[in-house]
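A.B. asks: Starting from these lines, generate the structure:
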Amino acid sequence: MRCHKAMPPVLIILLICCVPVSIARTPDQPPEQSTDQPPEQSTDPAPHKPPGQPREPAADAPADEQEEGRFLRLARDDEGSPVALEAAIVHCVPRDCGKAGPTVDLVSAVHVAEKSYYRELNRLFATYDAVLFELVAPEGTQIPQGGVRPTGNPVSMLQNAMTDVMELEFQLEGIDYTADNFVHADMSPEQFAESMRRRGESVFQVFLRMLGYAMARQAQDSGGGGGDFRLLLALFDKNRSLAIKRVLAEQFEDLEGSLNAIEGPEGSTLISERNKVALGVLREQIAAGKQKLAIFYGAGHMSDFEQRLGDDFGLAPVSTRWLIAWDLKAEPTSERPKPSGKAPRSTSTPESPANVAP
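C.D. replies: The predicted structure is shown next:
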């Protein structure tokens with residue numbers, strides 16, 4: 001259990017939604033065939049409602065009802081029990097009413113999530129002129145359908161390990177990066193290292209910031225059964241994957257504080273500098289005539305993106321759509337598989353049934 005003691009829940013959350021997916025794959029490696037089924041159609045998206053409001057039929061959430069700066073939320077039922085971790089798609093349009101485009105959707109990524117979440121994203125991505133995606137990798141890197149084989153990258157190894165423990169799927173396996181409209185919009189490993197050197201940063205320094213914040217949060221929670229203790233109990237739960245997801249999902253409610261610990265007043269390579277690279281690619285795509293675009297990055301990047309889209313592109317958010325990234329509903333006792341069998345993956349629709357934010 002020492003590995004979990006050294007990895008507080010808040011730190012795991014940062015790995016899931018802030019630390020970039022990265023590989024070192026060259027273009028000449030042959031693609032692998034995928035056996036994934038075609039994306040399933042979903043119901044209409046669920047709206048966002050302020051806490052305490054009753055649930056209503058599904059619809060997009062107007063911008064004035066969106067939680068400011070929130071791109072992930074923990075949806076709860078009427079009894080307050082968590083039912084889903086949801087990721088936002090924020091639709092941004094020109095402030096100038098005389099302009100019809102371009103429009104940009106900020107698609108919040110959770111790097112480890114339900115298969116149904118990635119299926120729905122694949123279906124939605126097919127409707128865009130261009131999808132700008134994050135991936136710290138050499139220029140020209142190709143990701144075959146079904147993802148890439150595990151590498152020695154420690155971050156990727158941790159993210160892959162979490163998929164097994166929580167019975168989820170890794171983003172590089174679930175998303176179809178071979179689509180013609182997918183555009184790489186991130187740093188290469190060399191650019192990433194150079195930016196950190198220029199800013200006087202280091203991977204170890206960023207990790208210490210993350211760890212320090214995580215430990216501070218852990219100390220605050222110690223009086224009421226901290227997240228580390230609850231995570232330990234979850235490891236021995238009969239439904240271990242669900243119990244672990246519920247413990248970790250609670251940590252998303254303070255994602256903004258976690259990001260502030262990483263960014264600092266001058267920004268960071270991890271968030272702001274990579275965002276600048278992505279927006280440079282966005283300008284190129286708009287100049288090439290693309291009108292309907294999406295930026296597919298970790299949820300931790302989205303507050304900065306939203307601010308820069310307003311300041312530099314004159315775009316403003318008008319609606320928010322929520323997708324289920326983690327299904328946190330418990331199965332009825334009568335439907336649970338026998339101990340000798342393998343628990344089935346969730347087949348729930350990726351659209352949110354919940355309109356109540358935490």
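
A.B. asks: In this protein, mark out all the helices, start to finish.
C.D. replies: Counting by DSSP state H, the segments of the chain that form helices are 2-5, 9-17, 115-125, 154-166, 171-174, 189-198, 203-221, 227-234, 240-251, 255-263, 274-287, 302-313.

A.B. asks: where among those is the average confidence lowest?
C.D. replies: Ranked by mean pLDDT, the helices of the chain bottom out at helix 2-5, with a mean of 40.

A.B. asks: what's the closest residue in space to residue 282 that isn't next to it in sequence in contact with, if anything?
C.D. replies: Leaving out its chain neighbours, the residue that sits closest to residue 282 by C-beta to C-beta, 6 or more residues apart in numbering is residue 132, at 6.1 Å. For every residue, glycine as well, the C-beta is placed using N, CA and C. Residues counted as contacts of residue 132 (C-beta atoms under 8 Å, 6 or more residues apart in numbering) are 183, 184, 185, 278, 281, 282, 285, 293, 294, 295, 296.

A.B. asks: Please tell me how far residue 132 sits from residue 182.
C.D. replies: Going from residue 132 to residue 182 by C-beta to C-beta, to the nearest Å gives 8 Å.

A.B. asks: what do you get for residue 205?
C.D. replies: Residue 205 is 32 Å from residue 182, by C-beta to C-beta.

A.B. asks: Neighbour count for these two, which is higher?
C.D. replies: residue 182 (20 against 12; other C-beta atoms under 10 Å).

A.B. asks: Quick check: beta-bridge partners of that one?
C.D. replies: Beta-bridge partners for residue 182, by DSSP bridges, are residue 131.

A.B. asks: my read: residue 321 touches residue 86, true?
C.D. replies: No. Using C-beta atoms under 8 Å, residue 321 makes no contact with residue 86, being 9.7 Å away.

A.B. asks: Between the two, tell me which one has more neighbours.
C.D. replies: Using other C-beta under 10 Å, the more surrounded residue of residue 321 and residue 86 is residue 86, with 30 against 24.

A.B. asks: Counting neighbours, what do you get for the closest residue to the more buried one other than its chain neighbours?
C.D. replies: Spatial nearest neighbour of residue 86, excluding adjacent residues (C-beta to C-beta, 6+ apart): residue 322 at 4.3 Å. Using other C-beta under 10 Å, residue 322 has 30 neighbouring residues.

A.B. asks: and what of residue 277?
C.D. replies: Neighbours of residue 277 (other C-beta under 10 Å): 18.

A.B. asks: which residues does it contact?
C.D. replies: By C-beta under 8 Å, 6+ apart, residue 277 lies in contact with 185, 186, 187, 191.

A.B. asks: could you dump those residues to a markdown table with distance to residue 101?
C.D. replies: Listed next are the contacts of residue 277 as a markdown table, based on distance: C-beta to C-beta, whole Å:
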| residue | distance to residue 101 |
| --- | --- |
| 185 | 19 |
| 186 | 24 |
| 187 | 28 |
| 191 | 30 |
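
A.B. asks: List buried members of those by neighbour count.
C.D. replies: Among the contacts of residue 277, those buried by neighbour count (16 or more other C-beta atoms under 10 Å) are 185, 186, 187, 191.

A.B. asks: quick one: which of those is nearest residue 97?
C.D. replies: residue 185 (28.1 Å; C-beta to C-beta).

A.B. asks: quick one: contacts for the closest one?
C.D. replies: For residue 185, the contact set (C-beta under 8 Å, 6+ apart) comprises 132, 133, 134, 277, 278, 281, 282, 295.

A.B. asks: which one of those residues has the most neighbours?
C.D. replies: Counting by other C-beta under 10 Å, residue 295 has the largest number of neighbours within these, with 27 neighbours.

A.B. asks: Which residue is the nearest non-sequential neighbour of that one?
C.D. replies: Among residues not flanking residue 295 along the chain, residue 132 sits closest, at 4.9 Å (C-beta to C-beta, 6+ apart).

A.B. asks: can you pull the pLDDT of the one you found?
C.D. replies: With respect to pLDDT, residue 132 scores 98.

A.B. asks: Look up how far residue 311 lies from it.
C.D. replies: 18 Å.

A.B. asks: what's the answer for residue 111, then?
C.D. replies: The value you get for residue 111 to residue 311, if C-beta to C-beta is used, is 27 Å.

A.B. asks: Settle it for me: which of these two has more neighbours?
C.D. replies: Neighbours were counted for residue 111 and for residue 311 using other C-beta under 10 Å; residue 111 has more, 25 against 9.

A.B. asks: out of the buried ones among the contacts of residue 277, who's nearest residue 167?
C.D. replies: For those, the nearest to residue 167 is residue 186 (28.4 Å; C-beta to C-beta).

A.B. asks: wait, that closest one sits on residue 278?
C.D. replies: Yes. In terms of C-beta under 8 Å, residue 186 counts as a neighbour of residue 278; the distance is 6.5 Å.
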